[in-house]
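Asker: my questions concern the predicted model and sequence given below.
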Amino acid sequence: MLTSLVRYLLFFSFLMLFSFGMLFNCLFSRYQVVDAAARSLRMIYQSMLAPKYDFFQEENMQFLLSLLKSENENLTGLGAGIVIHSCKTIGEQNILCHAGVLEKLTSLLEGSLSQRDASLESLAAIIRGNPVSVSEFVELHSGRALHSVTELTKDRYPRTRLLACLCLISVKNSSTCYLQDVGIKTKLVYILLELLDDSGQVGDEASFAFSRLIAEKEDLQKLAFEANAINKFNCLLQKRPVHPKRLEGVFLALADLCSKLECCRSSFLSLQVCCLCPCFCFMNTCMVIFAAKLRHEVIMKKLHSAIFIVIHYV
């Protein structure tokens, strides 16, 4: 079975690399095939197996900028998808900022729904963990870019609200100079708790975003406690069935929420949180509290995985 999987992956990688040249050539060909080629490449760049784009080649960077300034929605989406898939290092973030990609992406915030979402996800990829790119983004257009993202947290579409929150979390976590007031922190907490009610992918991802927001931050954990977050997560665990990814995110959020404040741990224990089977209540409670008191990320994640595996296979 393993041999077959390896053969499949090799074949898929070869086919993808072979088709890449043809598809990129199509983008320079007649306009009739541009849209179809862009859609195909967008789908390819959603795969983890897609080749990484080299931003350090001048020709590649110029091509990326031409995609992002296009009026074709699929071309701009392709450009954003390339950034999301390939921007992983500080060096790549910096060269994208230097080339003016931030300006191109922020202009898409006024576009269609798909352009807004792609722009938000790309912006988060460029500024995550990089104080320099965060500063450049915050100061862009005299702060109007940051204001636009903040306004999108009130958008009618749940995924747009989630992506806007993730972008703001990247700004806040990457620099101590921005988004540190209680008002924006409280707003993010309540928006993410609300998004947990979404029955689809947004709800699955909201708990991971919530965890990233409050991890190692006592002030935010206190705000979350005051927003009744523990009871919210408890209600999610009572639902049947619970999607495995959502369950994993809930445990991660609970462990982070209980990592510093005794009031959170006491509240968690008093609720007698149970998961899929009452006989695991005590075990799950002890594991989450133990992980929280350890305050060690690696061990915490191992314990989350252990809880997830035990419950999933029983």
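Answerer: Noted; the coordinates are in hand. Numbers count the residues shown, from 1 in each chain.
Asker: any weak-confidence spans in the stretch 201-314 of the chain?
Answerer: Filtered on pLDDT under 70, the stretch 201-314 of the chain yields the residue ranges 272-314.
Asker: all helices for it, in order.
Answerer: 201-214, 218-226, 229-238, 244-257, 262-270, 281-294, 297-313 (DSSP state H, counting those that start in this stretch).
Asker: list the buried ones in the helix or strand where Val134 lies?
Answerer: Element membership for Val134, per DSSP states H and E: helix 131-138. Residues Ser133, Val134, Ser135, Glu136, Phe137, Val138 are the ones in helix 131-138 that count as buried (16 or more other Cβ atoms under 10 Å). Just so you know, the C-beta spots here come from the backbone N, C-alpha and C atoms, and that holds for glycine as well.
Asker: check contacts around Leu146.
Answerer: By Cβ atoms under 8 Å, 6 or more residues apart in numbering, Leu146 lies in contact with Phe137, Val138, Leu140, Val171, Tyr178.
Asker: kindly export stretch 39-53 (C-alpha atoms) in CSV.
Answerer: Extracted in CSV, the C-alpha atoms of stretch 39-53 (Å, rounded to 0.1, in the frame of the first residue of the first chain):
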residue,chain,number,x,y,z
ARG,A,39,-8.5,28.6,-12.5
SER,A,40,-6.4,25.5,-13.0
LEU,A,41,-3.3,27.0,-11.4
ARG,A,42,-5.4,28.3,-8.4
MET,A,43,-6.6,24.8,-7.8
ILE,A,44,-3.0,23.4,-8.0
TYR,A,45,-1.7,26.0,-5.5
GLN,A,46,-4.3,24.7,-3.0
SER,A,47,-2.3,21.5,-2.8
MET,A,48,0.6,21.0,-0.4
LEU,A,49,2.4,19.2,-3.3
ALA,A,50,2.4,22.3,-5.4
PRO,A,51,6.0,23.5,-6.1
LYS,A,52,7.1,26.5,-4.1
TYR,A,53,7.3,29.8,-6.0
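Asker: what is the distance between it and the centre of its chain?
Answerer: The chain centroid and the centroid of stretch 39-53 are separated by 18 Å under Cα atoms, centre = their mean, to the nearest Å.
Asker: I'd like the average pLDDT over the helix holding Val134.
Answerer: Averaging pLDDT along helix 131-138 yields 95.
Asker: after that helix comes which helix or strand?
Answerer: Next helix or strand after helix 131-138 toward the C-terminus (DSSP H and E): helix 144-151.
Asker: rounded mean pLDDT for the helix or strand just after that following helix, please.
Answerer: Downstream of helix 144-151, the first helix or strand assigned by DSSP H and E is helix 158-174. Averaging pLDDT along helix 158-174 yields 97.
Asker: mind listing the strands for the stretch 1-150 of the chain?
Answerer: Ranges of strands within the stretch 1-150 of the chain: none, based on DSSP state E, counting those that start in this stretch.
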